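Visitor: Build me a model from this:
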Amino acid sequence: MNVENIINLGEDQMAAMFVMSIPGGIPTGGDDEAVTLRMQESFPMPDDGGGEYEIVYQGLKITKPNMTDATDKHFEVVVRLDQQWKVYDELKTWKDAVYNPVLGTKLPHENTQTTVVVQALDGAKSVVKTFTFNYCWLQKIKVMDFSHTEETPTTLTLTFIYGYME
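Guide: Model prediction:
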């Protein structure tokens, strides 16, 4: 192994080169671009995995894969909050359409779901890989703790449920 072998591997995917979008928009209306442009730092990709089962016999244990999807169907996004709270209000309207805990109501799934797309970009900002999260619902909104000593913008943590990832 030498330096030339390492250089010949090609370019590495840089973690900062990605974009998130909501191509179908926020189901209940609102500025989906403001949400994606206010996204903070990172998009933690959910795992993609299958289930397992164990066989125990005479003190031996063997773990084998089974035929179930064991993927956690949640992902979180952190976004900066605008001073007029427009982003929050629009997202809260969506979340309350998915389920409103005050009224105990929800709109039909087809009226509250959307698609979220995460795309990896190369050095020229061309798309090299796309991950599509289908049937996404906004499940939770958490406002960052208020603090007299904090020097950064207030953020929202958004928790989404999704049906499947392509």
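
Visitor: any idea which helix is longest in the chain?
Guide: helix 86-98 (DSSP state H).

Visitor: just for this structure, where's the confidence low?
Guide: Scanning the chain with the threshold set as pLDDT under 70 gives 1, 12.

Visitor: now the helices: where do they sit in the chain?
Guide: 3-7, 32-37, 86-98, 109-112.

Visitor: Show me what the shortest one is in contact with.
Guide: By that I understand helix 109-112. Contacts to helix 109-112, defined as C-beta atoms under 8 Å, 6 or more residues apart in numbering, come from residues 27-28, 94, 97-98, 106, 135, 137. Using the backbone N, CA and C atoms, a C-beta is placed for each residue, glycine as well.

Visitor: burial of Thr152, as a residue count?
Guide: Using other C-beta atoms under 10 Å, the number of residues around Thr152 comes to 9.

Visitor: can you name the two of the contacts of helix 109-112 that are farthest apart?
Guide: Largest separation among those by C-beta to C-beta: Thr28 and Tyr135, giving 15.9 Å.

Visitor: The two: which has the busier surroundings?
Guide: Set Thr28 next to Tyr135 and count neighbours by other C-beta under 10 Å: Thr28 wins out with 19 against 15.

Visitor: and that one, what is it in contact with?
Guide: 90, 93-94, 97, 112.

Visitor: Name the single longest strand found in this protein.
Guide: strand 127-143 (DSSP state E).

Visitor: For the residue sitting furthest away from the middle of the chain, give me phi and psi.
Guide: Computed with C-alpha atoms, centre = their mean, the residue of the chain farthest from its C-alpha average is Gln58, at 43.7 Å. As for Gln58, its main-chain torsions (degrees, to the nearest 10) stand at phi 50, psi 50.

Visitor: Give me the buried entries from the contacts of helix 109-112.
Guide: In those, burial by neighbour count holds for 27-28, 94, 97-98, 137, counting by 16 or more other C-beta atoms under 10 Å.

Visitor: could you redo those residues as JSON lines and give each row distance to Phe18?
Guide: Shown next, in JSON lines, are the buried ones among the contacts of helix 109-112 (distance: C-beta to C-beta, whole Å):
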{"residue": "Pro27", "distance to Phe18": "24"}
{"residue": "Thr28", "distance to Phe18": "26"}
{"residue": "Trp94", "distance to Phe18": "23"}
{"residue": "Ala97", "distance to Phe18": "28"}
{"residue": "Val98", "distance to Phe18": "26"}
{"residue": "Trp137", "distance to Phe18": "22"}
